[in-house]
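A.B. asks: sharing a sequence plus its predicted fold:
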Amino acid sequence: MKRDPAIAPLSREHHTSLILAQILKKNAPEYKDLPVTTEGKLKYLFELMETHLGPHFRAEERIMEYLDDRTDLFKPMNDRIYHEHKLIREAVLSLQKGSATIIDDMDDFAQLLEGHIRFEEREYFQYLQDHLSEEELQMVAKLESQRG
């Protein structure tokens, strides 16, 4: 799917998260140069949460705050994304604590993450492209670039 340049960086970042989701699933195939043990996969998840997912979520949330301040047009989708970000963060905290069902918990997390990404890619980003003005898209690009 062709992405507007304002949204393309966020869209490209989803690839890394989809790979993460795949390796966390039960009976996941091995991926070159990625962890294969439960401990290695969890360590990789926690590192990506810090370096990749966390900054990615904050960028999306800055964009959603900007959009929510301008119009209610995006609110239902934004509310869903905020909620899913919260669930993902909570699931990571739970995985950090460990459990007797860690394999199932990792698989549940993988399904949650993958579903979240698919929603953003298939519905949300396209909706933004279809409904934002050029000026708004430029602001989205500016907000996306403010990582931290």
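C.D. replies: That came through, no problem.
A.B. asks: so who does A8 touch?
C.D. replies: Applying C-beta atoms under 8 Å, 6 or more residues apart in numbering, we find A8 in contact with no residue. Quick note: C-beta positions are derived from backbone N, CA and C, even for glycine.
A.B. asks: could you look up the SS state of K32?
C.D. replies: coil (DSSP: H, G, I helix; E, B strand; the rest coil).
A.B. asks: against K41, how distant is it?
C.D. replies: 15 Å (C-beta to C-beta, to the nearest Å).
A.B. asks: and those two? which has more neighbours close in?
C.D. replies: A direct count of neighbours by other C-beta atoms under 10 Å for K32 and K41 places K41 higher, at 22 against 4.
A.B. asks: phi first, then psi, for the more buried one.
C.D. replies: In terms of degrees, to the nearest 10, the main-chain angles of K41 are phi -70, psi -40.
A.B. asks: A6 too?
C.D. replies: With angles defined as degrees, to the nearest 10, A6 sits at phi -70, psi -30.
A.B. asks: surely it touches L137?
C.D. replies: Yes - using C-beta atoms under 8 Å as the test, A6 is close enough to L137 to be in contact (4.1 Å).
A.B. asks: neighbour count winner among the two?
C.D. replies: More neighbours surround A6 than the other of A6 and L137, with 23 against 16 (other C-beta under 10 Å).
A.B. asks: please list all residues in contact with that one.
C.D. replies: Per C-beta under 8 Å, 6+ apart, neighbours of A6: 132, 137-138, 140-141, 144.
A.B. asks: how close does it sit to L143?
C.D. replies: From A6 over to L143 the distance is 9 Å, taken as C-beta to C-beta.
A.B. asks: for D72, same thing?
C.D. replies: Separation of D72 from L143 (C-beta to C-beta): 19 Å.
A.B. asks: repeat that for H83.
C.D. replies: For H83 relative to L143 (C-beta to C-beta), the value is 20 Å.
A.B. asks: next: T51.
C.D. replies: Relative to L143, and taking C-beta to C-beta, T51 is found at 20 Å.
A.B. asks: between those two, who's got more neighbours?
C.D. replies: Counted by other C-beta under 10 Å, T51 and L143 do not tie: L143 has more neighbours, with 18 against 11.
A.B. asks: list the helices and strands the helix or strand hosting the more buried one packs on?
C.D. replies: For L143, the element it lies in under DSSP states H and E is helix 134-145. Helix 134-145 is packed against helix 8-24, helix 54-70, helix 125-131, with contacts defined by 3 or more C-beta pairs under 8 Å, 6 or more residues apart in numbering; DSSP states H and E.
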